[in-house]
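Engineer: Please find the sequence and the predicted model below.
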Amino acid sequence: MPDAPPPLAAIFEDATSSSASSSNISPSTSAADELPLPTFRPPTLRNAPAELRIDDFLTVPHPNSGRASSIDHFEDFNRKLPDVDLSQLPEKPHEPFNTLEDFDFADFTRKTSLNQGEIDTLLALIRRICDKPSNLTFESAKDVNTAWEIASHIAPSYRAHTVTKKYGAEETPRSFTFYFRPLFEWGLSLLRDPILAYKFAWDAVRLFKYDGQEWERFIDEPHTADGFWHIQSALPIGGSPLCYIVYADKTRLSSFGTQKGYPIMARIANLPAEIRNGTGYGGGQVVGFLPVVEDENEERKKEFTTYKRIIWHESFWALLEHVAAYAKTGYKFRCGDNIERILFPIILILVADYEEQAIMSLTRGATGLFPCPICRVPRDKQIILGIQPQFPLRQPSDGQTLLNDTTLSKKDLESKLQALSLRPVWPTQNVFWNVPHCNVYRALSWDRLHAYHGGLFSDHLFEEFKQIAEGLGRACKKQINDQADAMPSWPNLNHFSAICAVTFTDGRKYEDISKIIIHATYNVLNRTASLRGYLLLQCIRLYVILDILAGLDVQTARTLRMYATKLVSFSAAVQNWNFPKAHTHQHLIDDIIWKGITAVFNAKLFETMHTPLKTIYTDQTNFKEVEAQMVVHEHRMLVAQAIRACVDAVDQARRKAAELREPPVPQKKDPYQFDLIHLGSKQAPVTLAQLEAGKNEDPDFGRFRLCLEEYFNNRFPDFGRKWIRLSAQDQIIEMRYLRVDYESVVTWKLETDQLRCNPTWRENEGRWDHIIYRIDGDDKAIGFAQLIYVFLFTFNGVQYPTALISCLDVDHDLGLCRVRRRRQEAPRMEFIPITWIVRGALVLEDFDSTMGDAFVIDTVDGDMFLRLKRDVPLWDT
C-alpha cells in the first residue's frame, strides 16, 4: 500500500509568525510610499501541489489548533456551517410550554406587546371559536405569565447590582441600580445550545487566494484577522477564546426624550456573521442597562463628570467580573456539540460613538490635549494623517503606572494624568484594565456609522455643501434638487427629490446622499460659479472613495493600501480640519487587520436594536422604574428566541429526513433561466411585422427584422447551413425583467441585480436600465449600454435570448466616469446574447450635454468601484 502524501505545511517568516500588524510599527517610523502589512505576506509552502489554479484558496489554521493547512479549488472551497444533529435536539422543542400552540400564542403576545386585559379578551375569543381547543391550554393572561416564568431557566436571568457613592460634600451617598445579565453566563448559554454550538469558530485562520502568481491574503470574519491569532498564541495550548463584541450608548426611550435608557449590548465574535448580526437566537442581545446619572444643577462640572465616570466603570465591573476571572484561569465547559473545552472569555471589540469611547477609555474627549482615545495625537494636529498612525498609540500601562505610584500626591497624579488626557477616577480604575487579554485602546473600534455617515459627511461635508448651495441662490438650489430627483431608480438606494432641504435623517440616507451628490451638482458647483464648491466636491469624492473602501465585505492588502493612499490625499484636501472625526479613520486599517471587516464593529448593527427597546418602554411599562420592567421583557425575548430556534431546527431536520425517505422529485428546468440570467415579465408573442409597425416612429427599431436576421446569421454559424431569411410573421416574446446573478469581485460570491426594460414602468414613464456587458463575449473587455428591448426568439426548437442595446463609449473628463452615445461612424444599436451581460449599472445623464453623454456612478457599491478600477483603468477611479 503506497504511503500517504506528506501534509501541506505553511511556514511564515519569523517576523510575521506572531501577529504584528501595521499598528505594531513604531510611530516614529517615517511614512513609506506603501503601507507595510507584514502579516499579509504569504507563507512558504511545503508539500504543495505541483500545479495551482487561479482562484485556489489556501487556509492556514493557527499552529495551536492542531489542524493542517489546506488548498481548495474555487468550486470546492466551502465555509458552509454544519447541519443540525437531530439526535441532539429534544423531542418536544416547545417545552417547558405545554404545547407548541401555547408557545406560539405566548410568543405572539410578546411580539405584539399585548397587555394583560387584551390577552384575556383574545383568549376568550379563541376559546369561543375553537371547537377543540385542547392544544391551547391557556385560559388567562396569568397562565401565559406563569409559562414564561417556568421557561425562564432557558436563558440566564438579569440581576440587580447597586452602586453607592458619595458625591462631593454630600453626606448621604447616592445609589444607582444596574440591571445586567452576566456576560460570561450569557455566552455559556449559547454554547450550551446544541444548535449554535456547532457554529462557533474556535481557531484563528489566515486565508489566501491565488491570483495566478502569488497568494493574496484576505480578511473578513474576526477569526481570520490578527487579533484572534494573537490571542490564541497567548493562551495555553488547548485553550479556546470566547470573544465578545460589546456596545454601549444612551438612547431616548420616549418620543420627547424625557426618558432615557443606557443599554449595553453584546454579540459573540466566534459566531458567523449571518447568525451574529441577525435578529434571532445567537444574534445581538441586551446584557445590561447602565444607570443614567443626571443632575441639572451639576452638569458640566468637572467633579460631576468624574463622578459619572466612576458610576459607569463600577457598574460595568459587575458585568465583566466573571469574564475577568476566567480570562486569567480558563473555564472547563462541555459545549452543546459534546466537546469539552477550556474557555477563555475575551473582550475583543468595543463598539461606541466618540463620546462613549471617551468614557470607556477614560480620556478627556474633544477638549483634551490628546483627543483621540486610541493614540496621543495633539489636538492641533488631528488632520495630519498618514498611511499608518503618526503618533504613539495609547497603552494601559500609561495610566496604570501613575495610579500605582504611591509617592505621587493627588494633585501631582491628576496633573500627570491630565498631561496624557486621562481622567482621574481613583480609587476606581478603568474597568477594562482589570480584564486579562484586553487592551481597551485596541479594543475600541472605528465606527463607520458615526465617523462617516453620521459624522464627517452629515455634520461637516454636507453642511458645508448646503451653505454653499444657499449662497448661490434659489435657482441653483432648485437645479440641484431637480437633478438629484432625476436619479434613476436603483435597489437599496434612497431617492431624494429635494436634496438641499434634507436637515436631519439617518445614517443610511446620508450614505446614499454622498453617493449621488457629485453627479447631481457637478455642473452647478463648478470652478466658475463656485471655486469653494468645486473644491468641496473634490473632498467629497475622496470621502466617498474612502467610505466605499472602508465598507468592503472582504479586505486584502491591495484594498487596504488603496485606502491608505486616499486617506493621505483626503488629509491634504482638508488641511484646516482639526476635530476628532477628521482623525479617527487613521486607525481604521489597524482595526480591520486586528478585528475583521468594518461590518463586524459597525454601531449600525446595534442601533437597530434600540427600536424594540422603545416599543417595550411604550407598550409594556407603566413609565416608572422602567429598567426593572424592561429586563423582564428582554429576558422573555431571549427565551422565546431559544425555543423558536429549537422548534424551527426540529421542523427543518424532520422535513429533510422525510424528503430522504421519499423518491427524488425531478427538478423542473426553468425555461427562462439562461446561465446566470433569469428573464421574467413575459409578454404576449408578437410578429416581427407587428413589432416594427408598433415602433415605426422609434429610430432604435429601424430595420429591426433585417438587422436581427444579419445578427443571427453572423453570430451563430450553426443557425443554418445557408443564410436564413426571417419572415415578417416570425414571432418573438418580449421579456421586461432580468435577474442578473454575477460573481462579486469583492467577496467572490454571487450577487444579484434586478433590471427592467419596461415601457410601462410606474404609470408608463418607462424604465430602461443600463448594463455592463462583455464585448464579443470576451471576459477581459467590457462595455456599457442601455437596454432597449429584451426578447426570446425560437428557431428550430432552440431559444435565443437576445437584447437590443444602445452602446455607450468610454470617455474621461472631470475625474468622473463618463460614457457617451456612439456616433454615426459606428453602429449605435446592437444585438447581443443576454448571457454577455455582466451586471447592471447606475447611469445618470449629463445634464449639460447635447450629445447624449452620461455618467456611470462607480460608488454605488464596492463591486462596481473595484470592477471599474480593474477593467476601465482610463477612469482611474
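Structural biologist: Cool, the structure landed.

Engineer: got the contact list for Ala266?
Structural biologist: Residues in contact with Ala266, defined by CB atoms under 8 Å, 6 or more residues apart in numbering, are 183, 186, 244-247, 284-285, 287. In short, each C-beta sits where N, CA and C put it, glycine included.

Engineer: Helix or strand for it, just tell me which one.
Structural biologist: Here Ala266, judged by DSSP states H and E, is contained in strand 263-268.

Engineer: what's the average pLDDT for that strand?
Structural biologist: Averaging pLDDT along strand 263-268 yields 98.

Engineer: Likewise for stretch 123-132?
Structural biologist: Looking at stretch 123-132 alone, the average pLDDT works out to 70.

Engineer: and if you look at stretch 619-637?
Structural biologist: For stretch 619-637, the per-residue pLDDT averages 92.

Engineer: Give me the contacts around that stretch.
Structural biologist: With CB under 8 Å, 6+ apart as the contact definition, stretch 619-637 has outside contacts at 110, 113, 115, 148, 152, 155, 157-158, 160, 177, 179, 181, 253-254, 259, 261, 286, 289, 612-613, 616-617.

Engineer: one step back: and after the strand holding Ala266, which helix or strand comes next?
Structural biologist: Note on strand 263-268: by DSSP H and E, the next helix or strand toward the C-terminus is helix 273-276.

Engineer: what are the pairing partners of whichever helix or strand comes after that next one, and which direction each?
Structural biologist: Past helix 273-276, heading to the C-terminal end, the next element that is a helix or strand (DSSP H and E) is strand 285-289. The sheet places strand 285-289 alongside strand 174-180 (antiparallel), strand 263-268 (antiparallel), with pairing taken from DSSP bridges.

Engineer: Would you mark the buried spots in whichever helix or strand comes after the longest one?
Structural biologist: The C-terminal neighbour of strand 174-180 among helices and strands, as given by DSSP H and E, is helix 183-192. Counting neighbours by 16 or more other CB atoms under 10 Å, one finds that the buried residues in helix 183-192 are 183-184, 186-191.

Engineer: Hmm, Pro263 and Ala248 touching each other?
Structural biologist: Yes - the pair Ala248 and Pro263 passes the contact test of CB atoms under 8 Å, sitting 7.2 Å apart.

Engineer: Common neighbours of these two, please.
Structural biologist: Taking CB under 8 Å, 6+ apart as the contact definition, Ala248 and Pro263 share the neighbouring residues Leu290.

Engineer: quick one on the thing from earlier: which members of the contacts of Ala266 define the maximum pairwise distance?
Structural biologist: Trp186 and Tyr247 (14.0 Å; CB to CB).

Engineer: pull the longest strand from this protein.
Structural biologist: In the chain, with assignment by DSSP state E, the single longest strand is strand 798-813.

Engineer: Could you list the paired strands of that one along with their orientation?
Structural biologist: When pairs are called by DSSP bridges, strand 798-813 turns out to pair with strand 782-795 (antiparallel), strand 816-821 (antiparallel), strand 829-833 (antiparallel).

Engineer: Show me the contact partners of stretch 290-298.
Structural biologist: Counting contacts by CB under 8 Å, 6+ apart, the residues outside stretch 290-298 that touch it are 163, 167, 176-178, 248, 250, 260-264, 304, 307-308, 311-312, 315-316.

Engineer: Buried ones among these?
Structural biologist: Using 16+ other CB under 10 Å, the buried ones in those are 163, 167, 176, 178, 248, 261-264, 304, 307-308, 311-312, 315-316.

Engineer: low-confidence ranges in the chain?
Structural biologist: Filtered on pLDDT under 70, the chain yields the residue ranges 1-3, 14-33, 125, 128-129, 131-135, 427, 718-721, 812-815, 823-827, 877.

Engineer: what's near enough to touch the most centrally placed residue in it?
Structural biologist: In the chain, the C-alpha closest to the average C-alpha coordinate belongs to Ala599, at a distance of 3.4 Å (CA atoms, centre = their mean). Ala599 is in contact with 273, 277, 551, 553, 605, counting by CB under 8 Å, 6+ apart.

Engineer: Just the closest of the residues you listed to Asp675, please.
Structural biologist: Asp553 (24.4 Å).

Engineer: residues near that closest one, how many?
Structural biologist: For Asp553, the number of neighbouring residues by other CB atoms under 10 Å comes to 15.

Engineer: quick one: secondary structure of it?
Structural biologist: coil (DSSP: H, G, I helix; E, B strand; the rest coil).

Engineer: Now Thr794. Nearest residue, chain neighbours left out?
Structural biologist: The shortest distance from Thr794 to any residue that is not its chain neighbour, by CB to CB, 6 or more residues apart in numbering, is 7.2 Å, and that residue is Tyr800.

Engineer: quick revisit: can you report phi and psi for the residue nearest to the centre of the chain?
Structural biologist: Torsion angles at Ala599 (phi, psi; degrees, to the nearest 10) stand at phi -60, psi -20.
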